[in-house]
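Novice: Predicted model and sequence follow; I will ask about them next.
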Amino acid sequence: MAFVILAALLPVNRVFIVVLSLVPPAAYAQTDWPVYGHDQGGTRFSPLTQITPKNVASLQEAWTYAPASGPSSGRMRSSEMTPLVIGNVMYLTTVQRAVALEADTGRQIWEYEIRDKGLPAIRGLAYWPGDRQSPATVFFGTEAGFLIALNAATGKQVPGFGDEGVLNLKTGMTEKFPSAHYGLSSPPAIYKNLIITGSHVQEQPQLGPPGDIRAFDAHTGKPVWTFHTIPQPGEPGHETWKGDSWKDRSGANVWGVVTVDVANGLVFLPIGCATYDYYGGDREGANLYGDSLVALDAATGKVKWFFQTTHHDVWDRDLESAPVLLDIVHGGRKIPAVALMTKQTLVFFFDRLTGKPIYPVEERAVPQDGAIAGEHLWPTQPFPIVTPPLSRTSFRLDELAKVTPEHEKFCKDLIESSGGIRPGGIFTPFNEKPTAMFPATLGGSNWHGASFDPKLGYLLVNTQSLGELFQISVEGERGPIARRKLFWDPNSHWPCQQPPWGEFMAVDVNTGKMAWKAPLGSFPELDAKGIHGAGTPNIGGSIASAGGVSFIGATLDNKFRAFDSKTGKELWAADVGAAAHSIPITYQGRDGKQYVAVMVSGGGFLGDPVKPPVLHVYALR
């Protein structure tokens, strides 16, 4: 019998008594948000139906939670936190704390201060229901390379795990490079009694700690298996690295989100680029398993299949968002599938048991001319045939933005001050002259990826069309030097190509084709000029619900929105005071109400102001 907290908080002289009940894990699956992606397959779909397109406009703020500030909270930073809710208890990390809250009131149950272990992973945490040996446990990593295990009922460190509840993940990883960065930026994945971790490592220089994937025993923290993301001698894939270029190579890490197929015992890894991100002259070859979706046997860490989405990546085309596990009806049969979003907004659909593409994928020749001296570009790259790219993937000078004369002049001046630019696309080679790269290294999509509505068969995706002026040179002993700047006006945040700049859309997974597209976000100053539907650059993800409503923040206009999942019609919006660069959740409280919660802080890679994080929670009037 697993231990799950059902909170009944009774105020007694300002002390709260937590009443515990024992329920099997299945009891919380339908109304809670127990996993980062709602379920281990990463669909971010809730079966709750209370909020519908007809009543969503009646949403109002139910409560907010502002994490404590002060000397012990550390520096202010943006938050991409997605909370968890199990049995009316919400778990989340703040700047330097982990907390448990009553999910329908926001009342604090316990607080844990993270001392001397670095800031917590920016995106979230994981919940393990425990067993007869160990209590229900909340696991989260830190940017300094520790994995912390807290008793879910008390917030105390679990003494049997690692060193009294703290596991040093740097052990066995950083000994050769003790000053190199090694940490976690996303929550671990859980398969049965295994805690599976990726890592956040350097993007440069080339040599440093490996990006290996590891599994640890949830009871003790002892290592169970390791998967080498850069194959060692004698391992399959080692031949994709010329000579000793594999040795001590960093990168090829999972800094994003892992998903798990519990029924089939598989774990799906979205692996990033090998270092150095923008130059591969010293790593000739396809460079497995960089930029690959890898399916492992979850119990052993052995490779079942893989697919590389960018060969010999020199464009920073990391895989990072959670692969989404879903079923596809195609060719007269139901196929257990996995959907993969990429930074270049190419969408791939695979049979998750075999790795075979469900819709055709072809290797196309890509540009070879114009690469910097010493580079070894791969001649082809894979492209889906049925599903088109979901955002802009190229740019010509006649596509310069003309939304206002002043903005057009700014963009022309930006090009002139850069010494002219080379129009480019997804796989245009870089050299010393600035190239207009689309999408930018931030991607048309990023770590937020997609949600999935199984009732409609729609993969729900938000994208941005934002370019980057990119150039690279090799300068003696300094090696490769990359220089880049976003192709926009940093004051207005208007990109320098014609809109749309931000969109929300649905892909019908049973056909691979687009179902609808809608603008995502707006610039009020453009609306005032009669220029509508431009959208804004955005980072942060969506969720879907059985009520037919999807929710998303992400945009630079500081709005949190609801859409009709079937049609793409915007139904409701609330000003939350800063950009919500996070993924929301929805859950049912102890009072029977359906709540929707989103963390808001602004900041991040789009240059909007960082504000103190606030969790906003909504319910119907």
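Specialist: That came in fine, so what should we check first? Only a predicted model underlies this, so the values are computations on that prediction, with no experimental measurement involved. Numbers count the residues shown, from 1 in each chain.
Novice: just for the protein, where's the confidence low?
Specialist: Applying pLDDT under 70 to the chain flags the ranges 1-29, 69-76.
Novice: could you redo the last one with a cut-off of 50?
Specialist: Within the chain, the set of residues satisfying pLDDT under 50 comprises 1-28, 70-74.
Novice: Specify the strand with the largest residue count in it.
Specialist: When the chain is parsed with DSSP state E, its longest strand is strand 610-620.
Novice: and that strand, which strands flank it?
Specialist: Paired neighbours of strand 610-620 in the sheet (DSSP bridges): strand 59-65 (antiparallel), strand 594-602 (antiparallel).
Novice: Residue 316: which of those is closest?
Specialist: Ranking these by distance to residue 316, with Cβ to Cβ as the measure, places strand 594-602 first at 23.7 Å. Heads up, the C-betas are built off the backbone N, CA and C, glycines and all.
Novice: starting at the chain centroid, how far to the closest one?
Specialist: Strand 594-602 has its average C-alpha position 16 Å from the chain's average C-alpha position, going by Cα atoms, centre = their mean, to the nearest Å.
Novice: that older thread, mind listing what's buried along the longest strand of the chain?
Specialist: For strand 610-620, burial by neighbour count (16 or more other Cβ atoms under 10 Å) applies to 610-620.
Novice: follow-up on the earlier one: save the strands paired with strand 610-620 as a markdown table, and put in distance to residue 354 too.
Specialist: As requested, these are arranged in a markdown table below (distance: least, Cβ to Cβ, whole Å):
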| stretch | distance to residue 354 |
| --- | --- |
| strand 59-65 | 43 |
| strand 594-602 | 37 |
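Novice: Nearest to residue 390, out of those?
Specialist: Using Cβ to Cβ, these put strand 594-602 closest to residue 390, at 22.9 Å.
Novice: those helices in the protein, which residues are they?
Specialist: Using DSSP state H, the helices of the chain run over 405-417, 524-527.
Novice: chain center to the shortest one, what's the gap?
Specialist: Yep, that's helix 524-527 we're talking about. 29 Å.
Novice: in it, what's buried?
Specialist: Neighbour counts using 16+ other Cβ under 10 Å place residue 526 of helix 524-527 among the buried residues.
Novice: Give me the contact list for it.
Specialist: Helix 524-527 is contacted by residues 403, 492, 494, 532, 534, 557 when judged by Cβ atoms under 8 Å, 6 or more residues apart in numbering.
Novice: what does the first one give?
Specialist: Judged by Cβ under 8 Å, 6+ apart, the contacts made with helix 405-417 from elsewhere in the structure are 397, 400-402, 421, 469, 487, 489, 492, 494, 496.
Novice: between those, which has the most around it?
Specialist: Among these, the one with the most neighbours (other Cβ atoms under 10 Å) is residue 487, at 26 neighbours.
Novice: residues touching the closest residue to that one other than its chain neighbours, list them.
Specialist: Take residue 487 and drop its neighbours on the chain: the residue closest to it by Cβ to Cβ, 6 or more residues apart in numbering is residue 467, 3.7 Å away. Residues in contact with residue 467 (Cβ under 8 Å, 6+ apart) are 392, 395, 436-440, 486-488, 495-497.
Novice: Narrow those to just the buried residues.
Specialist: 392, 395, 436-440, 486-488, 495-497.
Novice: returning to that earlier point: between the contacts of residue 467, which is nearest residue 88?
Specialist: Once Cβ to Cβ is applied, the member of those that ends up nearest residue 88 is residue 439, at 40.6 Å.
Novice: coming back round to it: any idea which of the buried ones among the contacts of residue 467 is closest to residue 386?
Specialist: Nearest to residue 386 among those, counting by Cβ to Cβ, is residue 392 at 19.4 Å.
Novice: Assess the claim that that closest one and residue 439 are in contact.
Specialist: Yes. Taking contacts as Cβ atoms under 8 Å, residue 392 lies within contact range of residue 439: 7.0 Å.
Novice: list residues touching both of the two?
Specialist: With Cβ under 8 Å, 6+ apart as the test, residue 392 and residue 439 both reach 465, 467.
Novice: quick one: the residue positioned nearest the centre of the chain and residue 577, what's the gap?
Specialist: Among the residues of the chain, the one closest to the centroid is residue 447, at 2.4 Å (Cα atoms, centre = their mean). As judged by Cβ to Cβ, to the nearest Å, residue 447 and residue 577 stand 23 Å apart.
Novice: rewinding a little: how about the contacts made by the residue nearest to the centre of the chain?
Specialist: Residue 447 makes contact with 80, 123, 186, 255-257, 320-321, 539, according to Cβ under 8 Å, 6+ apart.
Novice: same thing but at 7 Å, please
Specialist: 256, 320-321 (Cβ atoms under 7 Å, 6 or more residues apart in numbering).
Novice: Could you do residue 308 as well?
Specialist: Counting by Cβ under 7 Å, 6+ apart, residue 308 makes contact with 286, 288, 291-292.
Novice: Nearest to residue 571 among these?
Specialist: Nearest member of the contacts of residue 308 to residue 571, counting by Cβ to Cβ, is residue 291, at 36.9 Å.
Novice: from what I can see that closest one touches residue 319, true?
Specialist: Yes. Using Cβ atoms under 7 Å, residue 291 is in contact with residue 319, at 5.9 Å.
Novice: any common contacting residues for those two?
Specialist: The contact sets of residue 291 and residue 319 overlap at 271, 309 (Cβ under 7 Å, 6+ apart).
Novice: With adjacent residues omitted, what lies nearest to residue 433?
Specialist: Sequence neighbours aside, residue 422 is the residue nearest to residue 433 in space, at 5.7 Å (criterion: Cβ to Cβ, 6+ apart).
Novice: number of nearby residues for that neighbour?
Specialist: Neighbour count for residue 422, taken as other Cβ under 10 Å: 18.
Novice: Tell me how far it lies from residue 119.
Specialist: Taking Cβ to Cβ as the measure, residue 422 falls 39 Å from residue 119.
Novice: number of nearby residues for residue 133?
Specialist: Around residue 133 there are 10 residues (other Cβ under 10 Å).
Novice: My read is that it contacts residue 219, right?
Specialist: Yes. If you go by Cβ under 7 Å, residue 133 and residue 219 touch, sitting 5.4 Å apart.
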